[in-house]
Structure formats: C-alpha cells, structure tokens
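S.K.: Turn this into a model:
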Amino acid sequence: MLDGILRLFGASFNARGPGIGTLFDLLHLVGVALAAWALFSVIRRFFSCDDLIAQILTVAIPVQLALYGFSTLPYDAWQAHDIAVVLPFGAVLAGRVLAERLTKARLLPLLAVVASGYLVALGHGVLQEQVPAHDQALGPWLRAHHLTAGFSVYSDAGAIELTSGGTIDMTVPWFHPTYVSRRVPFEEQASDWDPRLHYANFVVSTHKYGLQGFIPPDRAIRAFGQPAHTYYVQG
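M.R.: Okay, the predicted model is just below:
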C-alpha cells in the first residue's frame with residue numbers, strides 16, 4: 001500500500017528506472033512529507049483544532065486508507081487508483097494547515113523551486129513518445145474474425161472491451177493448474193457466467209504483462225480441449 005500512496009504523489013521509485021525520473025521522485029517526496037506533516041499535526045490537536053474542514057480531511061484520509069488496506073484491492077500497486085482521493089485531500093490539508101507556518105519560516109522560495117520542478121516533470125512526461133498499447137489493434141482484429149466473446153486476463157480483457165466499443169465481451173476467470181474457476185466478483189456481472197447469454201469460444205493470452213498476464217496454453221487446453229485455431233497477433 002505504501003508504494004501505491006507514493007505512486008499517487010508521483011514519488012514511487014519503483015515506477016520508473018534510474019535517471020532523471022529519480023530526481024523527479026525525490027522532488028515529489030516533498031509533497032508526501034507536507035501531506036504527512038499536516039495530517040499528524042491535526043491529529044495531535046484534533047479536538048482543539050478550530051478548522052472543521054481540516055478535521056474532516058484528517059478523518060477521511062486514514063479511514064480511506066484503512067478500508068483500502070483491509071479490502072481485497074491492494075494486491076498490486078496500480079490498484080492505488082481506488083484511493084486517488086488521498087492525493088487531493090492531502091494537498092488541501094497541507095495548504096490549510098501549513099501555509100502560515102511555511103510563510104513564517106520563509107520557506108516559500110524553496111517551495112517555489114520544488115513547484116518549478118513539478119512543472120519540469122510534467123513537461124518531461126508530456127514530451128515523451130506515446131507508445132500505443134500492444135493490444136490496441138486486437139479488438140478490431142477479433143471482431144473481423146467474428147470472435148465476440150472470450151476469456152482473458154484482467155489487463156487484456158479491459159483493453160479489448162474498450163477498444164472494441166463494447167462489442168466484444170471478455171470474461172476473466174482464474175486459470176488454475178488443473179481447473180478453471182470463476183473469480184471473486186470483481187467488476188463483472190453474473191450474466192457473464194451464464195452460457196445462455198455469454199458463449200465464450202476463445203482465449204487471449206500474452207507475455208506483454210509478464211507472468212501475471214499470461215495464461216499457459218496447456219491450462220486452457222486442459223479445461224476446454226484442443227483449439228480449432230491458434231492465432232498469433234502482434235506477439
């Protein structure tokens with residue numbers, strides 16, 4: 001969960017390789033430190049604090065993190081989008097609680113330098129070459145081959161449904177070594193598992209996401225039998 005929080009603030013050293021990105025991560029740690037400072041500052045004097053909004057934010061941030069931490073969601077750092085509100089809440093709290101202190105300490109010029117670094121980081125990101133997703137062309141390819149309902153992993157399934165405009169239905173089961181089972185309900189409908197409404201007749205698998213996104217062909221064959229066709233599309 002900690003890495004997910006750092007990613008929200010743009011300060012995760014695991015999100016990119018070494019280089020100028022490391023400098024940007026260090027700059028964004030300032031934002032993390034300010035948000036944490038403001039949070040613990042209000043916690044220490046919570047009942048004597050005369051700022052209702054600061055009190056609400058101080059309660060909301062830990063509650064959000066606690067609910068997220070005890071849920072089934074934080075199994076990967078990219079799931080941090082489910083606690084995205086922590087970023088604006090932390091920013092507002094830091095502004096309300098620390099502005100006067102930072103001004104009196106004459107730290108505004110230093111923070112201006114940090115803010116300028118944030119703008120440089122934003123510009124650097126915008127100027128990077130945008131590489132299309134590897135599965136962007138897969139939706140039209142499947143539709144052209146009259147394949148409209150199938151199985152895949154979460155990452156590919158979402159991309160295929162999005163790029164196909166919802167004309168292709170992808171279901172995400174668990175492919176165990178010896179059997180295939182329904183997942184714990186996760187962004188899906190019961191009708192996805194009703195063969196009368198959703199007849200899946202193909203499986204999409206790829207190494208592009210690493211082992212987490214790969215469905216071993218032998219598992220699919222063990223569950224469903226030999227495929228009538230095997231296609232290789234852009235890797």
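
S.K.: And the helices in the chain?
M.R.: Taking DSSP state H as the test, the helices found in the chain are 2-8, 20-44, 52-69, 86-104, 108-127, 138-144, 154-163, 217-224.

S.K.: For the first one, enumerate the helices and strands it packs against.
M.R.: Okay, so that is helix 2-8. The criterion is 3 or more C-beta pairs under 8 Å, 6 or more residues apart in numbering; DSSP states H and E, and the helices and strands that helix 2-8 contacts are helix 86-104. Placement of C-beta: from N, CA and C, glycine included.

S.K.: Now do the same contact list for residue 13.
M.R.: Residues near residue 13 by C-beta atoms under 8 Å, 6 or more residues apart in numbering: 6, 22, 25.

S.K.: which residues touch residue 176?
M.R.: Taking C-beta under 8 Å, 6+ apart, we find residue 176 in contact with residue 219.

S.K.: And for residue 128?
M.R.: Contact partners of residue 128, counting by C-beta under 8 Å, 6+ apart, are absent.

S.K.: From residue 231, how far out is it?
M.R.: With distances defined as C-beta to C-beta, to the nearest Å, the gap from residue 128 to residue 231 amounts to 32 Å.

S.K.: domain ranges for this protein?
M.R.: What automatic domain parsing lists as the domains of the chain is 2-127, 138-224.

S.K.: want to throw those into TSV with mean pLDDT?
M.R.: As requested, the domains of the chain are exported to TSV (pLDDT from 0 to 100):
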stretch	mean pLDDT
domain 2-127	90
domain 138-224	84
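
S.K.: for the contacts of residue 13, which one is nearest residue 63?
M.R.: Minimum separation from residue 63 among the contacts of residue 13 (C-beta to C-beta) is found for residue 6, which lies at 19.9 Å.

S.K.: Could you tell me how many residues sit around the closest one?
M.R.: Here the number of neighbours of residue 6 (other C-beta atoms under 10 Å) works out to 20.

S.K.: Residue 57 now?
M.R.: Per other C-beta under 10 Å, the neighbour tally for residue 57 reads 25.

S.K.: who's in contact with the nearest residue to it once chain neighbours are set aside?
M.R.: Counting by C-beta to C-beta, 6 or more residues apart in numbering, the nearest residue to residue 57 once its immediate chain neighbours are dropped is residue 93, at 4.5 Å. Shown here is residue 93, whose contacts under the criterion C-beta under 8 Å, 6+ apart are 35, 38, 39, 42, 54, 57, 58, 61.

S.K.: hang on, isn't the last one packed against residue 38?
M.R.: No - between residue 61 and residue 38 there is no contact, the gap being 9.8 Å when judged by C-beta atoms under 8 Å.

S.K.: Residues in contact with both of the two, list them for me.
M.R.: Both residue 61 and residue 38 are in contact with 90, 93, where contact means C-beta under 8 Å, 6+ apart.

S.K.: Looking at the contacts of residue 93, which is nearest residue 175?
M.R.: Comparing the contacts of residue 93 against residue 175 with C-beta to C-beta places residue 61 closest, at 37.5 Å.

S.K.: What is the neighbour count of the nearest residue to that closest one once chain neighbours are set aside?
M.R.: Using C-beta to C-beta, 6+ apart and skipping the chain neighbours, the partner closest in space to residue 61 is residue 89 (5.3 Å). Here the neighbour count serves as a burial measure; for residue 89 (other C-beta under 10 Å) it reads 19.
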